[in-house]
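**Student:** Need a 3D model of the following:
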Amino acid sequence: MYRIISEISPDFLIQGFALHQDENEIYVGKVGGQEVQLLASIDNLNSDEKDIKIFCVGFAEADHHFRSGDVLMTGSDDLLDRAFRAMDEMEQRGVVVSLTPPPDSKHLYVSKEQMDPFVQDWKSRKLSFLCLWMMEPIDSEGQAKLITILRKVILKD
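**Tutor:** Sure, this is the predicted structure:
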């Protein structure tokens, strides 16, 4: 099961994945036979589940290290590999970032303090996860790119 958490208004995810509300008023759907669930907030994520894959999508503030349209990402190796392959097919630039300020200047860093504890927890529990952030402002083309990347990553299962 894929769980999606969005910092952006989730309408583009609901439309892009053709999600519908279930009896619990949670948006659900299927992509290539894989179940997808959109969570209203990261607090709704049941951290005890084992066989889940977590996607977070959102925005990053403009920074001199990144170009407009860049997709910044962090995640588990399995989903990062898939994301890189998907972006190669799309000729989309993806940049792996750290959420904590690096001790040296060789690593790129994006300020996402509220996400860092979750990411550290997912890493320590060896969960599959992928966080994708686009530079602000995110237009409809950027939203379509995020949907395409996520769809390609899910379809690799």
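
**Student:** hmm, who's touching the longest helix belonging to the chain?
**Tutor:** Of all segments of type helix in the chain, defined using DSSP state H, the longest is helix 140-155. Helix 140-155 has contacts (Cβ atoms under 8 Å, 6 or more residues apart in numbering) with 2, 4, 8, 12-13, 16-17, 31-32, 34, 36, 55, 57, 69, 71, 79, 82-83, 85-87, 89-90, 92, 130, 132, 134, 138. Placement of C-beta: from N, CA and C, glycine included.

**Student:** which of those residues count as buried?
**Tutor:** Neighbour-count burial (16 or more other Cβ atoms under 10 Å) is assigned, among the contacts of helix 140-155, to 2, 4, 8, 12-13, 16-17, 31, 36, 55, 57, 71, 79, 82-83, 86-87, 92, 130, 132, 134, 138.

**Student:** So which of those residues are in strands?
**Tutor:** 2, 4, 31, 36, 55, 57, 71, 130, 132, 134 (DSSP state E).

**Student:** Okay, and the beta partners of the first one?
**Tutor:** The reference is to Tyr2. Note on Tyr2: beta-bridge partners Val36, Lys53, judged by DSSP bridges.

**Student:** From what I see, it and Glu35 are in contact.
**Tutor:** Yes: here Tyr2 reaches Glu35: they are 6.8 Å apart, a contact under Cβ atoms under 8 Å.

**Student:** how much space between the closest residue in space to Met87 that isn't next to it in sequence and Gln21?
**Tutor:** Distances taken as Cβ to Cβ, 6 or more residues apart in numbering place Gly94 nearest to Met87, at 4.4 Å, with adjacent residues excluded. According to Cβ to Cβ, to the nearest Å, Gly94 and Gln21 sit 32 Å apart.

**Student:** Look at the two and report which has more neighbours.
**Tutor:** Gly94 (18 against 11; other Cβ atoms under 10 Å).

**Student:** and that one, what does it touch?
**Tutor:** Contacts of Gly94 by Cβ under 8 Å, 6+ apart are 70-73, 83-84, 87.

**Student:** quick one: least confident of those residues?
**Tutor:** Scanning those for pLDDT, the smallest score is found at Asp70, 87.

**Student:** which residues touch the closest residue to Arg93 other than its chain neighbours?
**Tutor:** Distances taken as Cβ to Cβ, 6+ apart put Asp70 closest to Arg93, at 5.4 Å, once the chain neighbours are dropped. By Cβ under 8 Å, 6+ apart, the residues touching Asp70 are 93-95, 134-135.
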